[in-house]
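Trainee: return a 3D structure for these sequence lines:
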Amino acid sequence: MKILYLITSLETGGAEFAVADIVASLQKQGLSVDVIACEPRDMVAATHLQAAGIPYRVLCSRRRASCVVLAKLLRYMRHHRPDIIWTSLSWATRIGQRAGQLLNIPVVSFKHSASVKRATYRMRHLSDLWVGDSSLVTRYLVEHMGIPADRVLNWPLYQCDAHATLAAPWDGSSTLQLGSVGRLHSVKQYDKLIKALARAIADTPCLAKRLHLTIVGEGPERAALEQLIERLALQNNVSLPGFSNNVDAYLTSWHVYFQPSFYEGMCLAVHEAMNAGLPIVATPVGELTNCVQNGVTGFIAEGETVAALTEIILHIAAHPEQLAALGQQAHRYVQQHYSRASFDAAAHAIATRLSTLPPHHGTRMDRAAS
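Mentor: Below is the predicted model:
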């Protein structure tokens, strides 16, 4: 069976970074997978595909109108017709659904967050199957998007490394290293995390020399975040080192991981941090509502985000003895729930389901011409 895996872009992001693992797991099931991105953006995710030896194609060199991208995709598919179109992220999903309509090819769509754009909602029934990248997103597909349960499958995108290096717990006297990994985008709410750090220092001035926040990633909010850091005089307390190919080195140097996002799906970065033995501080969104258990694997920032994060930072700084146990529980959680065997088992279940999709004969274009 031939799958065309269509994704919006190969920019920095969890869904984009997971493509290599997804393709490798599908290939283990005997499926042929052709990866195509609608547009490049920063192309950071392409390095993961290259490292895995997975070829890919980019349809357009820059952002183009949907009709232009669709035309290029149809031209390609007439010479390389797949059995299944598999889509990832909203824009690629809508383009893939149109291509599936025109060429009469079944469409399977990955959903990566518990939120939906209006166009995606209107076109939701054009996909033959939906796959949620976490248990929460899978429920969202059924309960909020109205997809029949028999057309929804679950494939959590994270698979843990059983031999990951663990971070050392904070000793209570050295600098408390706070960290996060993500695209510098408004949805991550890093501005609120920086404001919370400023409030915590204003509340307890002695923390000015004991707190440091590092946010690893690139994105459109960089300039605004840099200006905020300067305005709040946090140049010595906040670092924005940019994108890194060695995130593990950062994780093992931190003591607490923060994810103050407005919304998330699976959030691979949080699960990687948990596997490194870091306690997590997160807003209650996406799969974080399951993996971040208040007082067990970390802390939930509920209510007004800045105030909640400020309170948690102050609590952590005052109670260093709690962090080791929280980090151990976080590590244990991902080891129990996200093994490589479980990841491949989900791929096997999906591959089995794909084989039951009825083949489509001819295309709507062909029938119209006849």
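Trainee: how about the contacts made by the closest residue to Met1 other than its chain neighbours?
Mentor: Ranked by CB to CB, 6 or more residues apart in numbering and with sequence neighbours excluded, the top spatial neighbour of Met1 is Asp83, at 4.8 Å. All C-beta spots, glycine's among them, are computed from the backbone N, C-alpha and C. Taking CB atoms under 8 Å, 6 or more residues apart in numbering, we find Asp83 in contact with 1-3, 105-106, 359.
Trainee: wait, Pro59 sits on Val35?
Mentor: In this structure residue 59 is Leu, not Pro. No: the criterion here is CB atoms under 8 Å, and Leu59 misses it with Val35 at 11.5 Å.
Trainee: which residues touch stretch 138-145?
Mentor: Stretch 138-145 has contacts (CB under 8 Å, 6+ apart) with 111, 114, 116, 121, 124, 130, 132, 147-149, 152-154.
Trainee: may I see the buried residues of that stretch?
Mentor: 138, 140-142, 145 (16 or more other CB atoms under 10 Å).
Trainee: ok, of those residues, which one's closest to Gln97?
Mentor: Closest approach to Gln97 among those (CB to CB): Met145, at 13.9 Å.
Trainee: dihedrals phi and psi, the closest one?
Mentor: Per-residue torsions, Met145: phi -100, psi -10 (degrees, to the nearest 10).
Trainee: over to Gln177?
Mentor: Dihedral angles (degrees, to the nearest 10) for Gln177: phi -90, psi 110.
Trainee: that one bridge partners, please.
Mentor: His212 (DSSP bridges).
Trainee: could you count how many residues lie near it?
Mentor: The number of residues packed near Gln177 is 17, by other CB atoms under 10 Å.
Trainee: what sits against it?
Mentor: 170, 212, 214, 253-256.
Trainee: buried only: go through the residues you listed for me.
Mentor: Applying 16+ other CB under 10 Å to the contacts of Gln177 flags 170, 212, 214, 254-256 as buried.
Trainee: now, those that are in strands?
Mentor: Counting by DSSP state E, the buried ones among the contacts of Gln177 place 212, 214, 256 in strands.
Trainee: wait, the second one sits on Leu251?
Mentor: It stands for Thr214. No: counting by CB under 8 Å, Thr214 stays clear of Leu251, with 10.5 Å between them.
Trainee: need the overlap of contacts for those two.
Mentor: Joint contacts of Thr214 and Leu251 (CB under 8 Å, 6+ apart) are Gly179.
Trainee: circling back: most widely separated two among the contacts of Asp83?
Mentor: Largest separation among the contacts of Asp83 by CB to CB: Ile3 and Pro359, giving 13.9 Å.
Trainee: more neighbours: those two, which one.
Mentor: Under the criterion of other CB under 10 Å, the comparison of Ile3 against Pro359 puts Ile3 first, with 21 against 8.
Trainee: I figured that one was touching Ser88, is that so?
Mentor: No: with contacts counted by CB under 8 Å, Ile3 stays clear of Ser88, the gap being 11.6 Å.
Trainee: now the helices for the stretch 201-350 of the chain?
Mentor: When assigned using DSSP state H, counting those that start in this stretch, the helices of the stretch 201-350 of the chain occupy the ranges 222-231, 247-251, 268-275, 288-291, 305-318, 323-337, 340-354.
Trainee: buried residues in the second one?
Mentor: Residues of helix 247-251 classed as buried under the neighbour-count rule (16+ other CB under 10 Å) are 247-248, 250-251.
Trainee: ok, the residues you listed vs Ser180, which is closest?
Mentor: For those, the residue nearest Ser180 by CB to CB is Tyr250; the value is 9.5 Å.
Trainee: for that closest one, which non-adjacent residue is spatially closest?
Mentor: Nearest non-adjacent residue to Tyr250, counting by CB to CB, 6+ apart: Val216, 5.5 Å away.
Trainee: which of the buried ones among the contacts of Gln177 sit farthest apart?
Mentor: The distance between the two most remote of those (CB to CB) is 14.5 Å, for Trp170 and Thr214.
Trainee: quick check, nearest of the ones in strands among the buried ones among the contacts of Gln177 to Tyr158?
Mentor: Once CB to CB is applied, the member of those that ends up nearest Tyr158 is Val256, at 19.8 Å.
Trainee: mind giving me the domain split of this structure?
Mentor: 2-159+339-369, 176-337 (automatic domain parsing).
Trainee: pLDDT on the last one, on average?
Mentor: Confidence for domain 176-337, expressed as mean pLDDT, is 96.
Trainee: ok so, going back, which of the buried ones among the contacts of Gln177 sits closest to Ala308?
Mentor: Val256 (14.5 Å).
Trainee: contacts only, for the closest residue to Ile54 other than its chain neighbours.
Mentor: Leaving aside its sequence neighbours, Ile54 sits nearest to Val23 (CB to CB, 6+ apart; 5.3 Å). Contacts here follow CB under 8 Å, 6+ apart; on that basis Val23 touches 5, 33, 35, 49, 52, 54.
Trainee: go on, Gly172?
Mentor: Gly172 touches 320-321, counting by CB under 8 Å, 6+ apart.
Trainee: returning to that earlier point: now, which of the buried residues of stretch 138-145 sits nearest Ile194?
Mentor: Tyr140 (29.7 Å).
Trainee: right, and the helix or strand after the helix or strand containing the closest one?
Mentor: Taking DSSP states H and E as the definition, one finds Tyr140 inside helix 135-143. Going down the chain from helix 135-143, the next helix or strand is strand 152-154, by DSSP H and E.
Trainee: which strands and helices sit next to that next one?
Mentor: In terms of contacts (3 or more CB pairs under 8 Å, 6 or more residues apart in numbering; DSSP states H and E), strand 152-154 is packed against strand 129-132, helix 135-143, helix 340-354.
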